[in-house]
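S.K.: Give me coordinates for this.
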Amino acid sequence: QLIALCITFSWTSFAIAADSFPPLNGPPPQTFRELWQGYDPTTEPLDMQVIHEWHANGITTQLLTYHIGTFKGRPSRMGAYYAFPHAAEGKIPAILQMHGGGQRAQRQTVETAAANGYACIAINWGAKPMADQQPGDPGTDWGAVDATQDGHNSHYGSVEPDAKTLDAVPSPRNSNWFLITVAARRALTLLEQRPEVDRDRLGVEGHSMGGVLTVMTAGTDRRVKAAVPSCGGSAAAQHALRQRPGSACRPSNQSPLYMNAIDDLNAIREIRCPILYLGPHNDFNGMVDQLFMNWKEMPSDSIHFSISPHLNHRHVSESAFAGRYFFDCVLKGKG
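M.R.: Purely as a prediction, here's the structure:
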């Protein structure tokens, strides 16, 4: 009887586990603010699990996973690298780093940040195996949904339903960008709960698709106090820009629902923290014409740009250095 009781209790607990985003009871969110209204990334337990840990050169590095949320009754977990310096006096600032398209979280990224006095987490949103994952090690597992390029690449530009989306009707909650931004906000929760981190000094950075995610995270979460998007986050070209003679802007093929609730212009309109954009003049992904037109709508009173001449999707070394120095100025009070 005792065994039967335990089995019944375990099954009941699983069955009533609440989804992070309950099933729709009416129309889906129609705007960016409606999409994020009521979501609290600090509510659910993180259940952080350290898979491997290293100590070298005054730095602790961990390969870990944490709970993103429960979607359609199944948990989703994010793999990540995390590092921090041992000898810091008092609490230190922290950075959330998001890799670009086709890439994966890098141990070197977090260890470099730690060597410069930051705690840093690099989330592995694309779910490719990280370099230090051994066979059988847990990593990113999106569960019942899929926000990866390898398994669900269509939904960086779509809100339509399919077997891997959250909703069964057209909905911005079906977008990969939405799911990854949820994971990023959960990573900010992990950072602010670390004993070595000053929760009032959190920054976010990312390159290319990670740049888009940087803008989306900064636009949805006031805990971000400094943002450095690189080669992404300029948002779609507005109609006036696409109509210019000779315009090289991409056509806008997304639905009105996507444009009203997902396109990064919506996040741009919400960003109030200091922000620095890193981008080359000839970048295919973060076109400077779009950048300068769209960022005029950003309410932050501390907006900065470092534009490398001639290059495409990369920077001169001076511009790359500007990102770290910007964090030093804003999060450490230097300069």
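S.K.: Please make it C-alpha for all contacts and neighbour counts, starting now.
M.R.: Fine.
S.K.: Go through the lengthiest helix in the chain and flag the buried ones.
M.R.: Longest helix in the chain, counting residues (DSSP state H): helix 176-193. Judged by neighbour count (16 or more other C-alpha atoms under 10 Å), helix 176-193 contains these buried residues: 176-192.
S.K.: and what of stretch 209-218?
M.R.: 209-218.
S.K.: Please name the nearest non-neighbouring residue to the residue positioned nearest the centre of the chain.
M.R.: Closest to where the C-alpha atoms of the chain average out (C-alpha atoms, centre = their mean) is residue 184, at 3.9 Å. Leaving aside its chain neighbours, residue 184 sits nearest to residue 217 (6.7 Å; criterion: C-alpha to C-alpha, 6 or more residues apart in numbering).
S.K.: what sits against that neighbour?
M.R.: 181, 184-185, 204, 224, 267 (C-alpha atoms under 8 Å, 6 or more residues apart in numbering).
S.K.: do that again at 7 Å, thanks
M.R.: Residues counted as contacts of residue 217 (C-alpha atoms under 7 Å, 6 or more residues apart in numbering) are 181, 184-185.
S.K.: okay, the residues you listed in JSON lines with distance to residue 327 next?
M.R.: Output for these, formatted as JSON lines (distance: C-alpha to C-alpha, whole Å):
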{"residue": "181", "distance to residue 327": "21"}
{"residue": "184", "distance to residue 327": "18"}
{"residue": "185", "distance to residue 327": "19"}
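S.K.: Quickly note the distance from residue 271 to residue 299.
M.R.: 6 Å (C-alpha to C-alpha, to the nearest Å).
S.K.: hmm, I was thinking of residue 129
M.R.: Remark: distance between residue 129 and residue 299 (C-alpha to C-alpha) = 38 Å.
S.K.: Mind checking which of those two has more residues around it?
M.R.: residue 129 (18 against 14; other C-alpha atoms under 10 Å).
S.K.: That one falls within a strand, correct?
M.R.: No: going by DSSP: H, G, I helix; E, B strand; the rest coil, the assignment for residue 129 is coil, not a strand.
S.K.: Distance check, it against residue 20.
M.R.: Taken as C-alpha to C-alpha, the span from residue 129 to residue 20 is 26 Å.
S.K.: now residue 38
M.R.: Separation of residue 38 from residue 20 (C-alpha to C-alpha) stands at 11 Å.
S.K.: the more surrounded of these two?
M.R.: Neighbour count, other C-alpha under 10 Å: between residue 38 and residue 20, residue 20 has more, with 19 against 9.
S.K.: Tell me the one among the buried residues of stretch 209-218 nearest to residue 284.
M.R.: residue 209 (12.2 Å; C-alpha to C-alpha).
S.K.: Run through the stretch 1-150 of the chain and note the low-pLDDT ranges.
M.R.: Within the stretch 1-150 of the chain, the stretches with pLDDT under 70 are 1-17.
S.K.: so where do the strands sit in it?
M.R.: Using DSSP state E, counting those that start in this stretch, the strands of the stretch 1-150 of the chain run over 49-56, 59-71, 74-85, 92-98, 119-123.
S.K.: Could you spell out the sheet neighbours of the shortest one, each with its direction?
M.R.: When sheet partners are counted by DSSP bridges, strand 119-123 sits next to strand 74-85 (antiparallel), strand 92-98 (parallel).
S.K.: I figured residue 141 was touching residue 78, is that so?
M.R.: Yes: if you go by C-alpha atoms under 7 Å, residue 141 and residue 78 touch, sitting 6.4 Å apart.
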